[in-house]
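# the following block contains a protein sequence and its predicted model.
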Protein chains: 4
Amino acid sequence: MTTDAQQACFEAGIKFGSLYHQFAGTPVSPRSTRSLETAIAESIENQPYCESVTVDIDDEAVAADIDHENGYTELSGHLMEVDMRVAYEAVTVRTRMEMEDGYPLMKLVGVVDRDE
Amino acid sequence: MTTDAQQACFEAGIKFGSLYHQFAGTPVSPRSTRSLETAIAESIENQPYCESVTVDIDDEAVAADIDHENGYTELSGHLMEVDMRVAYEAVTVRTRMEMEDGYPLMKLVGVVDRDE
Amino acid sequence: MTTDAQQACFEAGIKFGSLYHQFAGTPVSPRSTRSLETAIAESIENQPYCESVTVDIDDEAVAADIDHENGYTELSGHLMEVDMRVAYEAVTVRTRMEMEDGYPLMKLVGVVDRDE
Amino acid sequence: MTTDAQQACFEAGIKFGSLYHQFAGTPVSPRSTRSLETAIAESIENQPYCESVTVDIDDEAVAADIDHENGYTELSGHLMEVDMRVAYEAVTVRTRMEMEDGYPLMKLVGVVDRDE
């Protein structure tokens, strides 16, 4: 009723939604971007079928978002790029979050089924 | 490179991951289950391609989770069932979260492509 | 070592931090503001010592935040005002979140100790 | 109308509520406990008046929570201990989250006002 490729894409979507809504809103400043990138990646890599996660938080964008009084901002889609690879049975799915026309988009970059 | 059905499954996964990681941890008691169900469903229905979301929080399971001193517990997968329908181009995807062998599972229930 | 008034203020802070970081990032549109307000208030009212929570999400601010393609935005401090009353022993604490100089601030509005 | 000590306790509570509801639900396994501890501490230390945060996630408790099929669990209060120090004007507040009678409690450990 559903194919391995469809299941793999569903799993990839779950990881992206999880990543975004678990960590969006996290207080962040240029002092804490590296530790947050690592924790996000290692956290989501725990989920089933997730082979690798790379998170790049843009230090300059974070700094630009910070008002002088507070000294921090909240993690949001326009501050990071994410690459993820999910493998389910013989299928590998690559996904990416990046800005497009001013908005963060979660994209299905490629689906490869080694059984085809 | 990717099919509409794969894209639809990816979008369905995003909604499920978003729903779970946005709302897991929310303080809940039998007094607040109905308002939380409604807010979760209406919130996720805002997302693109999301046609309908139904959330059932199990009042008896919530009550059983509550210790007497606190009077509330935190929303978690074993306390709710979720049904979701996502439509992308000619494809409709149905998904469901329910308990299986004691663990909450997010499942791809069906994928229908009206162009096929 | 600590007074009831200090404990009451600590409890009030916990509720505010909980409310903000549980619900910030929630997808919201003018169609879903009322259900989200109710769910947030009823959820946090479950927490110990929390007497009442009122959440006002600003429909016009939400609409102004929405880009045309997506149809929703994410809940954030500049979109809502919150009033909360916490009671601990003989102390009642009132707190409020509102915009000040363009930033959302959580404020301790008043502390009344009926034993003084 | 409010004292510096009360304001300091309110700020300390905000940090605790923020920490808990931002990070509860994060996928965690013994492979990712150290990076998550660091990211939580550095994230919350960005908030105003927050002098130091120490997070100890209990590897053995995490391992005990993991079911064999999944390989991860979700961060929750019974898996970690947190110590925090908040300074507001001349007041320093120490707080701690730890298990008590089987439940995680956020405690106000000490309030010191150097002006008194």
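That came through fine. Residues are numbered from 1 along each chain as shown, chains lettered A, B, ... in the order given.

# show me what contacts the residue nearest the centre of chain A?
By CA atoms, centre = their mean, chain A has its centre lying nearest to residue A:82, at 3.9 Å. Contacts for residue A:82 (CB atoms under 8 Å, 6 or more residues apart in numbering or on different chains) come out as A:16, A:19, A:53-56, A:96-97. In this view, the C-beta of every residue, glycine as well, is placed from N, C-alpha and C.

# if you rank those by neighbours, which is first?
residue A:19 (27 neighbours; other CB atoms under 10 Å in any protein chain shown).

# nearest spatial neighbour of that one, chain-adjacent residues omitted?
Closest residue to residue A:19 apart from its sequence neighbours, by CB to CB, 6 or more residues apart in numbering or on different chains: residue A:44 at 5.0 Å.

# per-residue pLDDT, the one you found?
pLDDT, residue A:44: 97.

# number of residues surrounding it?
26.

# does it touch residue A:50 like I think?
Yes - counting by CB atoms under 8 Å, residue A:50 is a contact partner of residue A:44 at 6.0 Å.

# mutual contacts of the two, please.
With CB under 8 Å, 6+ apart as the test, residue A:44 and residue A:50 both reach A:15, A:84.

# ok, and the closest non-adjacent residue to residue A:74?
residue A:25 (5.0 Å).

# please apply the same query to residue A:88.
residue A:8 (3.7 Å).

# quick one, phi/psi of the one you found?
Main-chain torsions, residue A:8, degrees, to the nearest 10: phi -60, psi -40.

# now do it: how many residues are near it, please.
If you count neighbours by other CB under 10 Å, residue A:8 ends up with 26.

# which stretch of helix or strand covers residue A:86?
Assigned by DSSP states H and E, residue A:86 belongs to strand A:80-88.

# show me what secondary structure element comes after that strand.
Next element after strand A:80-88 (DSSP H and E): strand A:91-100.

# and that next one, what does it pack against?
helix A:4-23, strand A:80-88, strand A:103-113 (3 or more CB pairs under 8 Å, 6 or more residues apart in numbering or on different chains; DSSP states H and E).

# pick the most deeply packed of the ones you listed.
Among the helices and strands packed on strand A:91-100, ranked by average contacts under mean count of other CB atoms under 10 Å in any protein chain shown, first place goes to helix A:4-23 (a mean of 26).

# looking at the next helix or strand along the chain from that one now, give me its mean pLDDT.
Next along the chain after helix A:4-23, taking DSSP H and E as the criterion, comes strand A:27-28. For strand A:27-28, mean pLDDT is 96.

# packing partners for strand A:27-28?
Against strand A:27-28 (3+ CB pairs under 8 Å, 6+ apart) you get strand A:73-74, helix D:33-45.

# return the most buried member of these.
Highest mean neighbour count among these (mean count of other CB under 10 Å): helix D:33-45, a mean of 22.

# what sits up against it?
Counting by CB under 8 Å, 6+ apart, A:26-28, A:31-32, A:35-36, A:38-40, A:42-43, D:15, D:18-19, D:22-23, D:26, D:28, D:50-57, D:59, D:62, D:75, D:80, D:84 sit against helix D:33-45.

# picking that back up, how close does the residue nearest to residue A:74 get to residue A:9?
27 Å (CB to CB, to the nearest Å).

# got the angle for the helix or strand hosting residue A:53 vs strand A:80-88?
If you go by DSSP H and E, residue A:53 is part of strand A:50-57. On the basis of axes from the mean of the first three to the mean of the last three CA atoms, to 10 degrees, strand A:50-57 is oriented at 180 degrees to strand A:80-88.

# near chain B at all, strand A:50-57?
No - using CB under 8 Å from any CB of the partner chain, we find that strand A:50-57 stays clear of chain B, coming within 11.3 Å at best.

# what residues are up against the closest residue to residue A:58 other than its chain neighbours?
Sequence neighbours aside, residue A:79 is the residue nearest to residue A:58 in space, at 5.7 Å (criterion: CB to CB, 6+ apart). Under the criterion of CB under 8 Å, 6+ apart, the neighbours of residue A:79 are A:28, A:57-58, A:61-62, A:65, A:73.

# between the two ends of stretch A:84-94, how far is it?
6 Å (CA to CA, to the nearest Å).

# what's in contact with it?
A:4-5, A:7-9, A:11-12, A:15-16, A:19, A:44, A:49-54, A:83, A:95-96, A:108-115, B:10.

# switch to 7 Å and redo it
Outside stretch A:84-94, the residues that touch it by CB atoms under 7 Å, 6 or more residues apart in numbering or on different chains are A:4-5, A:7-9, A:11-12, A:15-16, A:49-53, A:95, A:109-115.

# do stretch A:50-57 as well
Residues contacting stretch A:50-57 (CB under 7 Å, 6+ apart): A:15, A:28, A:33, A:36-37, A:40-41, A:44-45, A:79-87.

# look up how far chain D lies from the residue nearest to the centre of chain A.
With distances taken as CB to the nearest CB, to the nearest Å, residue A:82 is found 15 Å from chain D.

# now do residue A:10
17 Å.

# isn't that residue up against residue B:108?
Yes - here residue A:10 reaches residue B:108: they are 4.7 Å apart, a contact under CB atoms under 7 Å.

# can you pull the residues that touch both of those two?
By CB under 7 Å, 6+ apart, the residues touching both residue A:10 and residue B:108 are residue B:9.

# count the neighbours of the residue lying closest to residue A:115 once chain neighbours are set aside for me.
Leaving aside its sequence neighbours, residue A:115 sits nearest to residue A:90 (CB to CB, 6+ apart; 4.2 Å). Using other CB under 10 Å, residue A:90 has 13 other residues around it.

# tell me the mean pLDDT for stretch A:60-68?
In this model, stretch A:60-68 carries a mean pLDDT of 88.

# cool, stretch A:79-87 as well?
Rounded mean pLDDT across stretch A:79-87 is 97.

# please apply the same query to stretch A:2-15.
Here the average pLDDT along stretch A:2-15 is 97.

# pull the distance from it to the chain's centre.
Distance of stretch A:2-15 from its chain centroid, counting by CA atoms, centre = their mean, to the nearest Å, is 16 Å.
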